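Student: have a look; sequence and predicted model below, questions after that.
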Amino acid sequence: MRQHLIELVLFSTYAELRAERSRSYLGIIWWVLEPAMQMGAFWLVFGLILKTGGPDYLPMLLIGLTVWQWMKSCITHGGYAVWSNLPLIRQVRLSPLVFPLVQMFADTIKFAFIFVLLVAILWCMGYPPNAAYLALPLVFIAVFLVAAGAGFVVAAIVPLLPDLRFVIEQVLTVVMFLSGVVFSLKTVPSPLREIMELNPIAVLMEATRGILMNGEWPNVVGLTKVSLISVTVCLIGIAVMARLAPRYPKLAT
Amino acid sequence: MSEVLIELENVGVAFDKQRRVGADRFWALEDVSLTLRRGERLGVIGRNGAGKSTLLRVIGGILVPDRGRVRRAPVSCQLLSLTLGFVPHLSGRDNAVLSGLMLGLRRRDIVGRLPAIREFCELGDFFEQPIASYSSGMVMRLAFSVAIQVEPDVLLIDEVLAVGDAEFQEKSGQALRERMGEGHTVVLVSHQERQISALCDRVLWVEHGKSVLEGERDTVFEAYHQEIHLQGTPP
């Protein structure tokens, strides 16, 4: 049963990516082009017009937006997955967990493409790969757990409260600005900085930048705390989804 | 007497009428009881809106009842759903694998059956093309060819007895009749009495979400016709 679900999730992820590639003329080029356009817009406003950055602003911004875009995609795509698959849920007995997982895995594979490009750009800008890269899988697991935790909770509730979708986008925009995605927390004065550093996403942003830009090994205690909190949120999301699962096929179309 | 696989006792299922806060619910099934034994072919009859399709989804474990009890032996039940999980931009081959997985098959099983699926659906080279380029008849050919591969302990069929053009209808109908004749446990919902008479040995009559009568095929049909005759409504 479990192996069947794993096969279903993996093949559905492949199907999702393949279908997405076929839906546009440029195909997988959009996986990289879309975030590149967003990065360009932020660089234009904060780097060139407002000049808020400094010499390291562009690489810092690129890293922040790349990681944030991955998290946001997992939360929104995964979060809306049960709701958008309600017609299927009415026809077949399947764990609803399959649907957010497929979206999150698909977004993670797209992130892998973007990340390779990011590493190449950073290298060209004078930030070559370093030994601390070995810690990246740990940081990325923590990032995925944070996104999956939030995504599962949203996915469990949105089928019952679809209006929540209008709020989530705005909440995520606020979270992005409070998490040091487009600016470094080092530029924030105390005591506000200490408060913002309690945000697990801010911790992950700083850890990723430390590795990619300065070759710094991440704070293992901080990463472990973030991961434990995220695992707890994941389990809560899965439990809520399992409890609400009998209601999903009975919801009005 | 053979083993009881599924037993429903005074089962009721309610749906939300609308998607808004405080919306009323309606009972698609109010009070249905049935017993399904291994190897039985049970037909479900009743007029439109009687709750037959909802009943199938309760038996299949898709819907959990809001009242009553369901007792189920550790068996697999699968609703014969066509085009389950189909994605327009994927090829016939990829859709066959995806749909087969959704219908409960393991990947190695569905991959092993791909040559048989390809042969049965008679789509030729279109099998490798995105199904967005198919006609609706071609999509149904592929869908049926995949669905017929599923071999659960209990097969649930909702009106899907023949699809496609006249030639393929004959072929698909024949394949399904063969499947039902292989000693599988089957629950069949159909408006066509002739099909239920030909394929089922026992019949459950459902009306307004309630089971009216369950028993031998001829006995239930006799009572059903008598009721229809009294009400003056054609079946």
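Tutor: Everything's here; your move.

Student: residue ranges in chain B under the pLDDT threshold?
Tutor: B:1, B:20-21, B:160-162, B:230-235 (pLDDT under 70).

Student: enumerate the residues of it near chain A.
Tutor: Residues of chain B lying close to chain A (C-beta under 8 Å from any C-beta of the partner chain) are B:13-19, B:23, B:57, B:60-64, B:77, B:79, B:81, B:84-85, B:87-90, B:94, B:97-98, B:101-104, B:106-107, B:130. C-beta here means a position set from N, CA and C on the backbone, and glycine is covered the same way.

Student: try it again at 7 Å.
Tutor: Residues of chain B lying close to chain A (C-beta under 7 Å from any C-beta of the partner chain) are B:15-19, B:23, B:60-64, B:79, B:81, B:84-85, B:87, B:89-90, B:94, B:97-98, B:101-102, B:106-107, B:130.

Student: thinking B:Gly61 is in contact with A:Leu94, fair?
Tutor: No - if you go by C-beta atoms under 7 Å, B:Gly61 and A:Leu94 don't touch, sitting 10.4 Å apart.

Student: of these two, which one has the most company?
Tutor: A count of neighbours by other C-beta atoms under 10 Å in any protein chain shown puts A:Leu94 above the other of B:Gly61 and A:Leu94, at 20 against 17.

Student: so the more buried one belongs to a helix, correct?
Tutor: No - counting by DSSP: H, G, I helix; E, B strand; the rest coil, A:Leu94 is not found in a helix; it is coil.

Student: that one: what's its closest spatial neighbour, skipping adjacent residues?
Tutor: Of all residues not flanking A:Leu94 in the chain, B:Met102 sits nearest, at 6.9 Å (C-beta to C-beta, 6 or more residues apart in numbering or on different chains).

Student: repeat that for A:Val231.
Tutor: A:Leu145 (6.0 Å).

Student: residues contacting the one you found?
Tutor: With contact taken as C-beta atoms under 7 Å, 6 or more residues apart in numbering or on different chains, A:Leu145 is in contact with A:227, A:230-231, A:234.

Student: would you confirm that the residue nearest to A:Leu94 contacts B:Phe86?
Tutor: No - in this structure B:Met102 lies outside contact range of B:Phe86 using C-beta under 7 Å: 9.5 Å.

Student: of the two, who's got more company?
Tutor: Taking neighbours as other C-beta under 10 Å, B:Met102 and B:Phe86 compare with B:Met102 leading, 23 against 20.

Student: distance check, the residue nearest to A:Leu94 against B:Asp153.
Tutor: 18 Å (C-beta to C-beta, to the nearest Å).

Student: can you pull out the helices in the stretch 1-150 of chain A?
Tutor: All helices of the stretch 1-150 of chain A, identified by DSSP state H, counting those that start in this stretch, fall at A:2-22, A:29-42, A:57-79, A:81-84, A:86-89, A:98-124, A:136-157.

Student: what's the distance between B:Arg69 and B:Leu8?
Tutor: In this structure, B:Arg69 and B:Leu8 are 8 Å apart, going by C-beta to C-beta.

Student: could you do A:Leu8 as well?
Tutor: 28 Å.

Student: ditto for A:Lys250
Tutor: From A:Lys250 to B:Leu8 the distance is 17 Å (C-beta to C-beta).

Student: between these two, who's got more neighbours?
Tutor: Between A:Lys250 and B:Leu8, counting by other C-beta under 10 Å, B:Leu8 is the more crowded of the two (22 against 19).

Student: give me the secondary structure label for the more buried one.
Tutor: Secondary structure assignment for B:Leu8 (three-state DSSP): strand.

Student: does it touch B:Leu29 like I think?
Tutor: No - judged on C-beta under 7 Å, B:Leu8 makes no contact with B:Leu29 at a distance of 9.2 Å.

Student: list residues touching both of the two?
Tutor: B:Val58.

Student: and the spatially closest residue to B:Ala73 that is not a sequence neighbour, how many neighbours does it have?
Tutor: The shortest distance from B:Ala73 to any non-neighbouring residue, by C-beta to C-beta, 6+ apart, is to B:Leu5 (4.8 Å). Neighbour count of B:Leu5, defined by other C-beta under 10 Å: 21.

Student: what helix or strand is B:Leu5 on?
Tutor: strand B:4-16 (DSSP states H and E).

Student: can you check B:Val75 too?
Tutor: Judged by DSSP H and E, B:Val75 forms part of no helix or strand.

Student: show me what contacts the residue lying closest to it once chain neighbours are set aside?
Tutor: Distances taken as C-beta to C-beta, 6+ apart put B:Asp153 closest to B:Val75, at 3.7 Å, once the chain neighbours are dropped. Contact partners of B:Asp153, counting by C-beta under 7 Å, 6+ apart, are B:5, B:75-77, B:185.
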